[in-house]
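In: starting from these lines, generate the structure:
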Amino acid sequence: MKNLFKLPAYVGIMLQKNNEVLLVKRCNSDWMNDYWSFPGGLLEENESLPEAATRETEEEIGVVVQPDDFELLHVLQVHKHPKNNKDILGFYFKAELWQGDLVNKEPHKHSAFGWFAINDLPSMVTEHVLLVLDGIKTGKRFSEENS
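Out: A predicted model of the protein is given here:
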């Protein structure tokens, strides 16, 4: 019998208003510095995916989203390769309702945040964002990043 493969998991959060999504610009990271991405982070022990999404949203951008207000949009399996430093499984959630004002609560990880039209994203956006948005547009709920 083969050993079970243990895959870390993370949540990505897509706040959306009208046809715009919120992105954060990564900095001081070992992955994709100066690229725009969705807020998010790793799942912690004994935490559900919606709980992790709620926690990460508040920790990173200062707003509160109730777990029931998240909609699971896409699952992304990332394989380790030169652009990604590990195998990981991402669960992307969308929220259109939140409480509070947006604030960059992790300036040591994000140099900026901004709203962008889904069809007019910045040039330096992570491949993960592109794969998730493409999945949403095509109705595809799962994708893989291999290169």
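
In: center of the protein, which residue is that?
Out: Geometric centre of the chain, nearest residue: residue 12, 2.2 Å, by C-alpha atoms, centre = their mean.

In: which stretches in this structure count as strands?
Out: Along the chain, the stretches classed as strands by DSSP state E are 9-17, 20-26, 36-37, 40-42, 71-78, 88-95, 110-117, 142-145.

In: for residue 104, find the nearest of these.
Out: Residue 104 lies closest, by C-beta to C-beta, to one member of the strands of the chain: strand 110-117, at 5.5 Å. Glycine gets a C-beta too; all of them are placed from N, C-alpha and C.

In: other SSEs contacting that closest one?
Out: In terms of contacts (3 or more C-beta pairs under 8 Å, 6 or more residues apart in numbering; DSSP states H and E), strand 110-117 is packed against strand 20-26.

In: output the contacting helices and strands for the strand it packs on.
Out: strand 9-17, strand 36-37, helix 49-61, strand 110-117.

In: other residues contacting stretch 39-48?
Out: With C-beta atoms under 8 Å, 6 or more residues apart in numbering as the contact definition, stretch 39-48 has outside contacts at 8-13, 15, 22, 24, 49, 52-53, 55-57, 59-61, 67, 90, 92, 110, 113.

In: can you do 10 Å?
Out: Residues outside stretch 39-48 that contact it (C-beta atoms under 10 Å, 6 or more residues apart in numbering) are 8-15, 22-24, 49, 51-57, 59-61, 63, 67, 88-93, 102, 104-106, 109-110, 113, 128.
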